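I need the structure of the sequence given here:
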Amino acid sequence: MFKKMNTVKFITADIVDEDGKVLSRGVEVDVECDIVDMWKTVAGAEASEEAIPLLNVTYAVLQPIIDYCRHYIDHPGDIKWEEEFFRVPSRDKASLEEIRKRHNFIVSIAHGANYLDIPELYNASTRNIAYLFQNKTPHQIYEEWDLLSDLTSKEKEKIRRENMWTLDL
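Sure thing, here's the model as predicted:
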């Protein structure tokens, strides 16, 4: 029923983002033998001293992900640092454009963590995205996340009438 896991093998490689920019040289990466064999077949090269391309992840996203992982390993459970890592400035301290950039950054971190299969970072980033929606009106969410409403005026009015009872809470 269960597939037998292969042994772990270490390779030394360069980590390269989707643009071909080398993030780190000579990194020792532990991977399953199946992955190493697949890499040899696909790349047509030896697994050691090669570049590992990380498609769908840019340097601007990969560097903070690596920083987060290093900090997570060195200081597990450091809530204060994590809060600062995901901090979004308040409306009274930053422009709407700065807030949108920060939102996009956190979403990119979530995508990168998902792509790289880093569940701790993925969970932390999606949890912080959810926090960004708390205590916000739909109008604030549309504005801060630069979303466009696809509802017509009639549809919006119908929704308001149907949900008028929520305003009494």
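
break this structure down into its structural domains.
In the assignment given by automatic domain parsing, the structural domains of the chain cover 8-55, 56-150.

between those, which gets the lowest average pLDDT?
Looking over the domains of the chain, mean pLDDT reaches its minimum on domain 8-55, with a mean of 54.

let me see the mean pLDDT of stretch 154-169.
Averaged over stretch 154-169, pLDDT sits at 81.

which parts of the chain are strands?
Counting by DSSP state E, the chain has these strands, from start to end: 8-17, 22-32, 50-54.

could you list every residue that touches the closest residue to S108 other than its chain neighbours?
For S108, ignoring the flanking residues on the chain, the nearest one in space by C-beta to C-beta, 6 or more residues apart in numbering is V61 at 4.7 Å. (Glycine included, C-beta is placed from N, CA and C.) Neighbour list for V61: 105, 108-109, 111-112 [criterion: C-beta atoms under 8 Å, 6 or more residues apart in numbering].

of these, which is the nearest to Y142?
For the contacts of V61, the closest approach to Y142 (C-beta to C-beta) belongs to F105, at 19.4 Å.

ok, that closest one - how many residues close by?
16 (other C-beta atoms under 10 Å).

for H71, same thing?
Look at H71: counted by other C-beta under 10 Å, it has 14 neighbours.

how about the one 3 residues further on?
The tally of other residues near D74 (other C-beta under 10 Å) stands at 8.

the closest residue to I129 other than its chain neighbours - how many residues pack around it?
In this structure, I129 finds its nearest non-sequential neighbour in I106, 5.9 Å apart by C-beta to C-beta, 6+ apart. Counted with other C-beta under 10 Å, residues neighbouring I106 total 21.
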